[in-house]
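Colleague: sequence isn't available, so here's the structure alone:
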Ligand SMILES: Cc1cc2nc3c(=O)[nH]c(=O)nc-3n(C[C@H](O)[C@H](O)[C@H](O)COP(=O)(O)OP(=O)(O)OC[C@H]3O[C@@H](n4cnc5c(N)ncnc54)[C@H](O)[C@@H]3O)c2cc1C
């Protein structure tokens, strides 16, 4: 560890590692720190990603792909099925189910190969500041606190991000802005090769229950419940109930809990000498909860702006704002649309969700992308979906 870098990245998730790899490839002196002793473990993710979104960053490799998925099946509360093909349902993060324990590590390894220094079991505990600007981090390593300087600090420290808050950025999430997730890795089942989504109060109020196959005999079975709708029944109890009903022979071999930010874009993601990326910047999709590839996209954009800032020798918010503008005009637009859809869907009751599913009777949804599916639903159910009209004009 040196006492000065061009860029320090806090958090070696997909967002942090892509930032580190891109910045190091651009010739910057980069430090990537991770508080856990093993990058990628424990996994707090259902591990579903769209193929094209992923391929922008890394060539698919069987060592970190657990399953290739044919498409998705969405079940309304009364069990009515809407089937979408893989090409059509990439917006639902369908394509691959990853083995994130390996995937996250490979990304960090790529960052290291590009020249970044990687330190595990190293926790950021605060920021260094000078004249109101962020100038580095305080980090705890082997029981000792180190002050490490940097021109730019990147907070890629996930949903529990503290870096933003330390830097004076409001990243607070209200109960309505968080999906509480719980997931079992279930073996001794035959999950097929479609990602399955179950809607309705019985499964996951204000969210959905998912089954994402991992190989022929295992699946991530989890659910996300909107913080404000979690009620008295715990997410874990709901999951057990689902298993008893649909997978009675299933054996739980792993369990994770975690939150997903579903707030949509927050107001500010840069400050003098500071950039937030991925879940730390609340860039996960409010509708699906998917955030892996958004974090990677944002990480690349952030690193590219760091390279420019380094050339100019200017790390002020004025220069770093280019990142903010870039991600808002791309990822941000999609997040806003998803937020609009999510805000409406969480208000619908089971009867209305069933009505939507029934209205697609006789319509071939298998080739539709998510926006065309929504449009088909809107045309058939304008009253229920009227709030979404601005999406279609
Ligand atoms: C139950 C569940 C299911 C999900 N399913 C999907 C899915 O199927 N598809 C999808 O695309 N997304 C899914 N997500 C969301 C996805 O996991 C995140 O959006 C994604 O991991 C965000 O990447 P990131 O790099 O921003 O943050 P993270 O992957 O969370 O990485 C942040 C890293 O920062 C480290 N860190 C935190 N604080 C510090 C510190 N002070 N010092 C050093 N290191 C620190 C953490 O240990 C962590 O490794 C799911 C999330 C949950 C909870």
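Modeller: Received it, and whenever you're ready, just let me know what you need. This is a predicted model, so every value here is computed, not measured.

Colleague: which parts of the stretch 51-200 of the chain sit against the ligand?
Modeller: If contacts are counted using Cβ under 6 Å from any ligand atom, the residues of the stretch 51-200 of the chain sitting beside the ligand are 93, 123, 124, 156, 157, 158, 162, 181, 183. Backbone N, C-alpha and C define where each C-beta goes, glycine included.

Colleague: what's the pLDDT at the second one?
Modeller: Residue 123 is assigned a predicted lDDT (pLDDT) of 98.

Colleague: my guess is it meets residue 35, correct?
Modeller: Yes. Using Cβ atoms under 8 Å, residue 123 makes contact with residue 35 at a distance of 3.9 Å.

Colleague: contacting residues for residue 223?
Modeller: Contact criterion Cβ atoms under 8 Å, 6 or more residues apart in numbering gives 181-183, 203-204, 207-210, 235, 238-239, 242 as the residues in contact with residue 223.

Colleague: what segments of the chain are helices?
Modeller: Counting by DSSP state H, the chain has helices at residues 14-25, 51-55, 100-113, 163-166, 235-246, 292-312, 317-327, 333-345, 350-358, 370-380, 382-385.

Colleague: could you export the ones you listed as JSON lines, including mean pLDDT and mean neighbour count?
Modeller: Listed next are these as JSON lines, based on pLDDT from 0 to 100; neighbours: other Cβ atoms under 10 Å:
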{"stretch": "helix 14-25", "mean pLDDT": "98", "mean neighbour count": "30"}
{"stretch": "helix 51-55", "mean pLDDT": "93", "mean neighbour count": "16"}
{"stretch": "helix 100-113", "mean pLDDT": "98", "mean neighbour count": "20"}
{"stretch": "helix 163-166", "mean pLDDT": "97", "mean neighbour count": "21"}
{"stretch": "helix 235-246", "mean pLDDT": "92", "mean neighbour count": "16"}
{"stretch": "helix 292-312", "mean pLDDT": "98", "mean neighbour count": "23"}
{"stretch": "helix 317-327", "mean pLDDT": "98", "mean neighbour count": "18"}
{"stretch": "helix 333-345", "mean pLDDT": "92", "mean neighbour count": "18"}
{"stretch": "helix 350-358", "mean pLDDT": "96", "mean neighbour count": "17"}
{"stretch": "helix 370-380", "mean pLDDT": "88", "mean neighbour count": "16"}
{"stretch": "helix 382-385", "mean pLDDT": "93", "mean neighbour count": "14"}
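
Colleague: in a markdown table, list those helices along with distance to residue 268.
Modeller: Rendered in a markdown table, the data for the helices of the chain read as follows (distance: least, Cβ to Cβ, whole Å):
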| stretch | distance to residue 268 |
| --- | --- |
| helix 14-25 | 17 |
| helix 51-55 | 25 |
| helix 100-113 | 26 |
| helix 163-166 | 9 |
| helix 235-246 | 31 |
| helix 292-312 | 14 |
| helix 317-327 | 8 |
| helix 333-345 | 15 |
| helix 350-358 | 35 |
| helix 370-380 | 29 |
| helix 382-385 | 32 |
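
Colleague: quick one: closest of those helices to residue 191.
Modeller: In this view, these are compared for proximity to residue 191 by Cβ to Cβ, and helix 235-246 is the closest at 10.3 Å.

Colleague: tell me how far the closest one lies from the chain's centre.
Modeller: How far helix 235-246 lies from its chain's middle: 24 Å, per Cα atoms, centre = their mean, to the nearest Å.

Colleague: can that helix be found next to the ligand?
Modeller: No. Contact check for helix 235-246 against the ligand, using Cβ under 6 Å from any ligand atom: none in range, with a minimum separation of 9.4 Å.

Colleague: outside of that helix, which residues touch it?
Modeller: The contact list for helix 235-246, computed with Cβ under 8 Å, 6+ apart, reads 180-184, 186, 198, 203-204, 209, 221-223, 225, 250, 252, 255, 257.

Colleague: I'd like the mean pLDDT over stretch 270-279, please.
Modeller: Confidence over stretch 270-279, taken as the mean pLDDT, stands at 98.

Colleague: ok, which of the helices of the chain comes nearest residue 149?
Modeller: Evaluated over the helices of the chain, closeness to residue 149 peaks at helix 292-312, with 14.4 Å, by Cβ to Cβ.

Colleague: interface residues of the stretch 201-350 of the chain facing the ligand?
Modeller: Listed as neighbours of the ligand in the stretch 201-350 of the chain under the rule Cβ under 6 Å from any ligand atom: 222, 258-260, 278-280, 284, 289-292, 295.

Colleague: where does the stretch 151-300 of the chain dip in pLDDT?
Modeller: Within the stretch 151-300 of the chain, the segments meeting pLDDT under 70 span 230-231.

Colleague: got the contact list for the residue nearest to residue 16 when sequence neighbours are not counted?
Modeller: Closest residue to residue 16 in three dimensions, ignoring its sequence neighbours and counting by Cβ to Cβ, 6 or more residues apart in numbering: residue 156, at 3.4 Å. For residue 156, the contacting residues are 9-13, 15-16, 19, 276-278, 280, 295, 299, by Cβ under 8 Å, 6+ apart.
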